[in-house]
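Visitor: predicted model and sequence follow; I will ask about them next.
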Amino acid sequence: MGSKEEEEEVVESREWVLSSYSPQGLPTSDHLKIRKVSLMIGDNVIPDHHVALKLLKLSVDPYLRLIIIGRQDGLYLPQVELNKVVKTFGVGRVVRSKDPGYRRGDIVVHPFLGVVILFPFFEVADYCVIPANSLRKVDPTAGISSSDYLSSLGLPGFTAWVGMQHIGNPKAGENVFVSAAAGAVGMYAGQLAKLKGCRVVGSTGTDDKVKFLKEDLGFDDAFNYKKETDFDVALSKYFPNGIDIYFDNVGGKMLEAVLNHVNRHARIPLCGMISQYNQVWNDREGVRNLLNAIGKEVRLEGFLAGSHLHRFQDFTTEMEGYIKQGKIKSKYQIYNGIESFLESLTSLFSSSNVGKVIIQVSKDEEP
């Protein structure tokens, strides 16, 4: 049994709460606010089979925008309740445990079991107390960085793997197009297609990202969609033989243009439509040429990573092998401190980031 001081330990934490819903446009400090709290993590207050965590890294993903809109018009994620702390995926260090499976100092991440992938438990905060069954330990000897658990081995990597491998079903020699290709999901979708022997072209928002895709990730080509203002002309140039797989992260005008260039029996995994997230449904851009999908027998399939959890072990085995062999590369955009959450979230919609956006909450306890 610990000392009375240990049993009554209190830590000062900052946490991000939703003060009002943000139905359109970018969220601001009117919608998301940071507050300071005194969190008791003593043995007498932590419930059995729970642990107290010091958050080390937190994942910032586009889906977070969708859970603070405050309405349901075809959206697929439950909304955060007002005045509640926003939650995401992360990496944490156990600072107090009331569960026999965990001890102080253990590094933990989300387990990707059951519904956890859709309902993350890590609060956007300095500290939190959560159920032990919502965690899994990280093996510090595995040769995997903590950031990989939020990226290549986390939700972005799994989403890319499901969409490309099991919906796109790439075959050697096929032509693959990935939009938002320098983002957290797109960079893995393109690399996975390359590993299958495909010709891969990506679109992104800056010339530096074009260079990154071609020189760092090995894409066959890439273009800046902000410069290629006529998407039909651009796709004619980059896909003279048509598109067999389009991994769609943006929707809108790009999806419409792609449908003019698809080959017969093309596959279009609908992963995300980030160009539409900040608009109400009747302001979003429609797709006028869906008739092309009929004539060319194209398969457009929306998917949620959470519906493929039975594949997660296969994904982990395959992706860990690629990482250790140096066949999959990652890029991280790191924001420092929990206070950077709002800035990092809105940056997802500005083309200012390359790769996976992560908040480094604590630097003094890097795993």
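Guide: Noted; the coordinates are in hand.
Visitor: only alpha carbons, please: show the helix or strand that Phe223 is a member of as PDB.
Guide: For Phe223, the element it lies in under DSSP states H and E is strand 221-224. Extracted in PDB, the C-alpha atoms of strand 221-224 (Å, rounded to 0.1, in the frame of the first residue of the first chain):
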ATOM      1  CA  ASP A 221       4.500  11.300 -60.500                       C
ATOM      2  CA  ALA A 222       2.600  13.900 -58.600                       C
ATOM      3  CA  PHE A 223       1.000  17.300 -59.200                       C
ATOM      4  CA  ASN A 224      -0.100  20.400 -57.300                       C
END
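Visitor: neighbouring contacts of that strand?
Guide: By CB atoms under 8 Å, 6 or more residues apart in numbering, the residues outside strand 221-224 that reach it are 181, 201-207, 209-210, 213-214, 234, 238. C-beta here means a position set from N, CA and C on the backbone, and glycine is covered the same way.
Visitor: switch the cut-off to 10 Å
Guide: With CB atoms under 10 Å, 6 or more residues apart in numbering as the test, strand 221-224 has contacts from 178, 181-182, 190, 199-215, 231, 234-235, 237-239, 351.
Visitor: buried residues, that strand. List them.
Guide: 222-224 (16 or more other CB atoms under 10 Å).
Visitor: got it, and stretch 253-264?
Guide: Neighbour-count burial for stretch 253-264, counted by 16+ other CB under 10 Å, picks out 254-259, 261-262.
Visitor: show me which of those is closest to Ile294.
Guide: Ile294 lies nearest to Leu259 out of the buried residues of stretch 253-264, by CB to CB, at 10.5 Å.
Visitor: quick one: contacts for the closest residue to the closest one other than its chain neighbours?
Guide: Spatial nearest neighbour of Leu259, excluding adjacent residues (CB to CB, 6 or more residues apart in numbering): Asn292 at 4.4 Å. Taking CB under 10 Å, 6+ apart as the contact definition, Asn292 lies against 256, 258-262, 266, 298.
Visitor: is Asn292 within a helix or a strand, and which one?
Guide: Assigned by DSSP H and E, Asn292 belongs to helix 291-295.
Visitor: can I get that helix in CSV, CA atoms only?
Guide: What follows is helix 291-295, C-alpha atoms only, in CSV (Å, rounded to 0.1, in the frame of the first residue of the first chain):
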residue,chain,number,x,y,z
LEU,A,291,-23.5,8.0,-65.3
ASN,A,292,-19.8,7.2,-66.2
ALA,A,293,-19.7,4.8,-63.3
ILE,A,294,-22.5,2.7,-64.9
GLY,A,295,-21.2,2.7,-68.4
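Visitor: give me the contact list for the helix or strand following that helix.
Guide: Per DSSP H and E, helix 291-295 leads on to strand 299-302 as the next helix or strand towards the C-terminus. With contact meaning CB under 10 Å, 6+ apart, strand 299-302 is reached by 76, 163, 166-169, 246, 248, 255, 259, 262, 265-273, 287, 290, 293.
Visitor: pLDDT (mean, whole number) over strand 299-302?
Guide: Per-residue pLDDT over strand 299-302 has a mean of 96.
Visitor: could you do stretch 321-330 as well?
Guide: What stretch 321-330 shows for mean pLDDT is 95.
Visitor: do stretch 145-164 as well
Guide: 94.
Visitor: okay, domains of this structure per the record?
Guide: In the domain annotation for the chain, the residue ranges read 4-151+331-360, 155-306 (automatic domain parsing).
Visitor: could I get these in TSV, plus columns for distance to Glu318?
Guide: Below are these laid out as TSV (distance: least, CB to CB, whole Å):
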stretch	distance to Glu318
domain 4-151+331-360	14
domain 155-306	7
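Visitor: most neighbours per residue, which of those?
Guide: Each of the domains of the chain was scored by mean neighbour count; the highest is domain 155-306, a mean of 20, by mean count of other CB atoms under 10 Å.
Visitor: and that one, end to end?
Guide: Domain 155-306 has an end-to-end distance of 9 Å (criterion: CA to CA, to the nearest Å).
Visitor: swap in stretch 288-296?
Guide: OK, stretch 288-296 end separation, CA to CA: 16 Å.
Visitor: worst-scoring helix or strand of the protein, pLDDT-wise?
Guide: Here the helix or strand of the chain ranked lowest by mean pLDDT, DSSP states H and E is helix 4-7, holding a mean of 52.
Visitor: can you name the element that comes right after that helix?
Guide: Immediately after helix 4-7, counting by DSSP H and E, sits strand 10-18.
Visitor: out of the contacts of strand 221-224, which sit inside helices?
Guide: Counted as lying in helices by DSSP state H, out of the contacts of strand 221-224, are 190, 207-211, 231, 234-235, 237-238.
Visitor: which two among these are spaced furthest apart?
Guide: Once CB to CB is applied, those give Asp208 and Leu235 as the farthest pair, at 22.1 Å.
Visitor: so which bits of the top helix by length along the chain are buried?
Guide: Counting by DSSP H, the longest helix found in the chain is helix 312-324. Within helix 312-324, the residues scored as buried using 16+ other CB under 10 Å are 312, 315, 318-320, 322-323.
Visitor: right, and the helix or strand after it?
Guide: By DSSP H and E, the next helix or strand past helix 312-324 is strand 332-336.
Visitor: which strands and helices lie in contact with the next helix or strand after that following strand?
Guide: For strand 332-336, the following helix or strand on the C-terminal side (DSSP H and E) is helix 341-347. The contact analysis (3 or more CB pairs under 10 Å, 6 or more residues apart in numbering; DSSP states H and E) places helix 341-347 against strand 10-18, strand 32-40, strand 50-60, helix 63-66, strand 332-336, strand 356-360.
Visitor: the ones you listed: which one's closest to Cys128?
Guide: For Cys128, the closest of these is strand 50-60, at 5.6 Å, according to CB to CB.
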